[in-house]
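A.B. asks: Next input, structure requested:
(2 chains)
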Amino acid sequence: MPEAVQAPLRLATWNVNSLKVRLPQLLAWLNTRTVDVVCLQETKLPDQSFPTQELLDAGYQCHFAGQKTYNGVAILLRTARLGAADAVVTSLPELDDVQKRLIALTTEGIRVVCAYFPNGQSVGSDKYRYKLQWISTLTQWLRSELEKNDQLALLGDFNIAPEARDVHDPLLWEGQILCSDPEREGFRGLLALGLSDAFRLFEQPERSYTWWDYQNLAFRRKMGLRIDHILLSPALSKMCTACEIDVELRRQERPSDHAAVVATLMHREAKAHHAATSKVHAAHH
DNA sequence: ATGGCCCGTAGAACGGGA
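C.D. replies: Numbers count the residues shown, from 1 in each chain, chains lettered A, B, ... in the order given. Coordinates of the predicted model:
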């Protein structure tokens, strides 16, 4: 009797740019996609205003760290698939920060870290220095988290376009905020912890981006940046079978300026079964 | 050719986003 094939686990990240405005879209999205872990950024809601009941009705338990007007992060867990969350933290332990930019929890043995990196505003500004400091603090904290958890996923709005191919016009953006060398070094520092950029584990279409300016018909003209990412520890990278940007969210009426990124994880047995099934299909064509 | 947004907090513009 073959072992039952476990369904894939889907992890997603989406900067909603106000959860109050985007809640109907989020609920519709959750209804049509099977995503098990959903990381949200820029909820812009104090905790008492978080739509816990609506999301519970939609099948998700909520963990969040919010504030009025700015920032705010959340992790939603699909209750039909995932049990209770452990070891929830709502800030970087080493950083005394009023800005709500991080939440982490453990579910099914996976350490899920949801991050909203500072934007930085402009290179050389106070906000830029804060951004670099924040990234450095995150990196140090993740180093210790990885010692305790070999299954770790870092998802969120990194506000960093790692390479030229992640930018619609690399010359225009060269050295600018989101693309400067120190920011990109920060991104590489995260990879140096052993994390992999899930999106780049696979062949991807050219001009794949996750953010487009609301102005200048940027979305239609494919003038975007890839700044939202899913980074996976080696143990999870091995299980990753797909990573995609969901641009449908950006096509809708009154969209967030960000698209979602979704990664699929399968256990080895399931992956082997999947590969075998694909071969059978291929043989038929 | 140029510039054109959106959100929250306001209760009119403005700061922030990226």
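A.B. asks: Relative to A:Ala218, how far out is whichever residue of the stretch 51-200 of chain A sits closest to DNA strand B?
C.D. replies: In the stretch 51-200 of chain A, the residue found nearest to DNA strand B is A:Asn119; the distance is 3.4 Å by C-beta to the nearest atom of the strand. The C-beta positions use only the backbone N, C-alpha and C, and glycine is treated the same way. As judged by C-beta to C-beta, to the nearest Å, A:Asn119 and A:Ala218 stand 17 Å apart.
A.B. asks: one step back: tell me the contacts of the nearest residue to the residue of the stretch 51-200 of chain A closest to DNA strand B once chain neighbours are set aside?
C.D. replies: Nearest residue to A:Asn119 in three dimensions, chain neighbours excluded: A:Asn159, at 5.1 Å (C-beta to C-beta, 6 or more residues apart in numbering). Applying C-beta atoms under 8 Å, 6 or more residues apart in numbering to A:Asn159 gives the contacts A:Phe117, A:Pro118, A:Asn119, A:Gly120, A:Lys131, A:Leu178, A:Glu183, A:Ile227.
A.B. asks: Return a PyMOL selection command for the buried portion of those.
C.D. replies: Provided next is the PyMOL selection string for whichever of these are buried by 16 or more other C-beta atoms under 10 Å:
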select buried, chain A and resi 117+118+120+131+178+183+227
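A.B. asks: Kindly reformat the contacts of A:Asn159 as a markdown table containing secondary structure and pLDDT.
C.D. replies: Conversion of those to a markdown table gives the following (DSSP: H, G, I helix; E, B strand; the rest coil; pLDDT from 0 to 100):
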| residue | secondary structure | pLDDT |
| --- | --- | --- |
| A:Phe117 | coil | 98 |
| A:Pro118 | coil | 98 |
| A:Asn119 | coil | 97 |
| A:Gly120 | coil | 97 |
| A:Lys131 | helix | 98 |
| A:Leu178 | coil | 98 |
| A:Glu183 | helix | 98 |
| A:Ile227 | coil | 98 |
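A.B. asks: Just the local confidence number for the residue of the stretch 151-285 of chain A found nearest DNA strand B, please.
C.D. replies: Per C-beta to the nearest atom of the strand, the residue of the stretch 151-285 of chain A with the smallest distance to DNA strand B is A:Tyr214, at 3.3 Å. pLDDT for A:Tyr214: 97.
A.B. asks: OK, contacts around it?
C.D. replies: Contacts of A:Tyr214 (C-beta under 8 Å, 6+ apart): A:Asp257.
A.B. asks: Likewise for A:Ser196?
C.D. replies: A:Leu231, A:Leu232, A:Pro234, A:Ser237, A:Cys240.
A.B. asks: Pull out the buried members of the residues you listed.
C.D. replies: For the contacts of A:Ser196, buried by 16+ other C-beta under 10 Å: A:Leu231, A:Leu232, A:Ser237, A:Cys240.
A.B. asks: would you list every one of the helices in the stretch 1-150 of chain A?
C.D. replies: All helices of the stretch 1-150 of chain A, identified by DSSP state H, counting those that start in this stretch, fall at A:19-32, A:52-57, A:126-148.
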